[in-house]
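Engineer: Provided below for reference: sequence and predicted model.
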Amino acid sequence: MADRYVVIMAGGRGERFWPESRLACPKQLLPIVGDKAMLAQTIDRLDGLVPAKDVFVITNVEQRAAVLEVCPELDPAKVIGEPVGRDTAAAVGLATILVARENPNASFAMLPADAVIHNAEGLRSTLETAFAAAEANPVLATVGITAAFPATGYGYIQQADVLGEFAGRAVFNVKRFVEKPDLATAQSYLDSGDYFWNAGMFVWSVASITAELAKNTPSLWSALQAIDTGLAAGTAIDPLLEAHYPSLEKISVDYAIIEKAENVVMVESGFDWDDVGEWPAVERHYPADESGNVVRGSTHIQDSSNNIVFSRDDGHLIALLGVQDLIVVKTADATLVCHKDKAQEIKALVQAIGAKEALKHLV
């Protein structure tokens, strides 16, 4: 019986990476950065910390088959398809029930599926410290990413005093969480030295997170008990989720629990991190030519600069002439041409396409 598990949240739609990312095969199941699916890379990094047989993946029903295809080392019984998305608090509650059924004395990490992290050893060391802290104290441990620039697209964690040292690293109490700031505020956070990016990585014991779920989300936790009761009676998980999941409260774990809890601690990251939230982020991970163009695929570029071109179809040439600051993404059935300044609006574009009956199959 394992004492440690990892639960990976992999149900996102990845709309900002359309047209490469689609509902049935979104960003986390694609090699947006690197040569393997982002989820597969996430699992690979855990090698030496938690074996693949002790990794759960919470995805959605549309993506479950694809998850098993790109990550065949996973236990199929631990790949769970939500029938509808109910945000991260419901996923955490469901994960708590599933891990507790394996071992009620266990601790587990909740990790996103699609961060880019090159220093896998640093990640494992950081999580080892978080596990050690969560096993020694009734705390909710999170990972604070050392801020590299005044980011306005991330939430921040303010570090307080030291709780202690675990597995060779310091663990700090958390003073507060703050949402995405404006640029001036983000710069002040960076200058202060005690604010860190919130990467959405958590480690806790079953007992600690159960107590917080019951305290801060009583209606959600009560509703999830029906799923646990059904599993105990031998009912398969899919019909239980179909029956109970749609009525669950839709709220993030940050709002529901983390920002309310008084026992949150932080481990400073010992690794690089990039959540790669939209197409312009890929520039940070691929070399550019002398004109600043970042290219993946068959291209010819002339008198053009600072463009991103992404295609996995080497039999199709993309040629650029006299253009700057564009994102060009070619797939078998759709092509995106977008100015970099409009990258954040791709999600709205996808929703507009999906609203058209004749085009909804393309999202």
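Structural biologist: Structure received.
Engineer: where exactly do the helices run in this structure?
Structural biologist: Counting by DSSP state H, the chain has helices at residues 38-45, 64-70, 87-102, 120-136, 183-192, 206-216, 218-232, 237-244, 253, 346-354.
Engineer: And the longest one, what does it pack against?
Structural biologist: Applying 3 or more Cβ pairs under 8 Å, 6 or more residues apart in numbering; DSSP states H and E, we find helix 120-136 packed against helix 38-45, strand 107-112, strand 140-145, strand 156-166, strand 169-178, strand 195-205, strand 264-268. Placement of C-beta: from N, CA and C, glycine included.
Engineer: on that earlier part again, in TSV: the helices of the chain, plus mean neighbour count, distance to residue 174 and mean pLDDT.
Structural biologist: Listed next are these as TSV, based on neighbours: other Cβ atoms under 10 Å; distance: least, Cβ to Cβ, whole Å; pLDDT from 0 to 100:
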stretch	mean neighbour count	distance to residue 174	mean pLDDT
helix 38-45	22	24	97
helix 64-70	18	32	95
helix 87-102	22	17	97
helix 120-136	21	12	98
helix 183-192	14	14	94
helix 206-216	19	14	98
helix 218-232	15	23	96
helix 237-244	15	32	97
helix 253	25	15	95
helix 346-354	16	30	96
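Engineer: about what we covered before: buried deepest among the helices and strands packed on helix 120-136, which one?
Structural biologist: Greatest average neighbour count among the helices and strands packed on helix 120-136 goes to strand 140-145 (a mean of 26), per mean count of other Cβ atoms under 10 Å.
Engineer: Next, the angle helix 120-136 makes with that strand.
Structural biologist: With axes from the mean of the first three to the mean of the last three Cα atoms, to 10 degrees defining the directions, strand 140-145 sits at 150 degrees from helix 120-136.
Engineer: now could you export just the CA positions of strand 140-145 as PDB?
Structural biologist: Output of strand 140-145 as PDB, limited to C-alpha atoms (Å, rounded to 0.1, in the frame of the first residue of the first chain):
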ATOM      1  CA  LEU A 140      -1.600  22.300   3.000                       C
ATOM      2  CA  ALA A 141       1.700  22.700   1.100                       C
ATOM      3  CA  THR A 142       2.000  24.700  -2.100                       C
ATOM      4  CA  VAL A 143       4.900  25.500  -4.400                       C
ATOM      5  CA  GLY A 144       6.000  29.100  -4.900                       C
ATOM      6  CA  ILE A 145       7.800  29.800  -8.200                       C
END
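Engineer: buried ones in stretch 44-52?
Structural biologist: Residues of stretch 44-52 classed as buried by neighbour count (16 or more other Cβ atoms under 10 Å): 45-46, 49-50, 52.
Engineer: Distance across stretch 323-338, terminal residue to terminal residue?
Structural biologist: Counting by Cα to Cα, to the nearest Å, you get 11 Å between the two ends of stretch 323-338.
Engineer: and that stretch, what's its mean pLDDT?
Structural biologist: Stretch 323-338 comes out with an average pLDDT of 97.
Engineer: Got phi/psi on residue 22?
Structural biologist: phi -130, psi 170 (degrees, to the nearest 10).
Engineer: Spit out the contact partners of the residue nearest to it when sequence neighbours are not counted.
Structural biologist: Closest residue to residue 22 apart from its sequence neighbours, by Cβ to Cβ, 6 or more residues apart in numbering: residue 363 at 6.4 Å. For residue 363, the contacting residues are 15, 18, 22-23, 350, 353-354, by Cβ atoms under 8 Å, 6 or more residues apart in numbering.
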